[in-house]
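Student: got a predicted structure plus its sequence, pasted below:
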Amino acid sequence: MASSFDKLVNNLEPNQFENLKEQFNDIELLIRKGVFPYDRFDSLEKLSEINLPLKKEFFSKLVGYEITD
């Protein structure tokens, strides 16, 4: 793919996600870009945690800032 997944999805209209709409009532959360604390996950055990990490743990070394509320 020559573009990011986020850009490709943004080129589509919400009515073009027919398969998602069959499975989910509200697809807005599914088709927007989310956040993931990549820098925090340095082991497979952390992926098994059932609680969200603290907001400060979403800090990205790559871009140099935390997520917003």
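Tutor: The structure has been received and is ready for your questions. Residues are numbered from 1 along each chain as shown.

Student: centre-most residue in this structure?
Tutor: Closest residue to the average C-alpha location of the chain: G34 at 2.6 Å, with CA atoms, centre = their mean.

Student: for it, helix, strand, or coil?
Tutor: Here G34 is recorded as coil under DSSP: H, G, I helix; E, B strand; the rest coil.

Student: and the pLDDT for it?
Tutor: Here, the pLDDT recorded for G34 equals 77.

Student: again with the one 4 residues further on
Tutor: Reading off the per-residue confidence, Y38 sits at a pLDDT of 84.

Student: how about the nearest residue to it, chain neighbours excluded?
Tutor: Using CB to CB, 6 or more residues apart in numbering and skipping the chain neighbours, the partner closest in space to Y38 is S60 (7.2 Å). The C-beta positions use only the backbone N, C-alpha and C, and glycine is treated the same way.

Student: number of nearby residues for E49?
Tutor: E49 has 10 neighbours, counted by other CB atoms under 10 Å.

Student: quick check: it vs S43, distance?
Tutor: For E49, the distance to S43 equals 11 Å [CB to CB, to the nearest Å].

Student: what do you get for Q23?
Tutor: 32 Å.

Student: quick one, domains of this protein?
Tutor: The chain breaks down into these domains under automatic domain parsing: 1-34, 35-69.

Student: distance from the chain centre to the shortest one, please.
Tutor: So the one you mean is domain 1-34. Chain-centre distance of domain 1-34: 12 Å, with CA atoms, centre = their mean, to the nearest Å.
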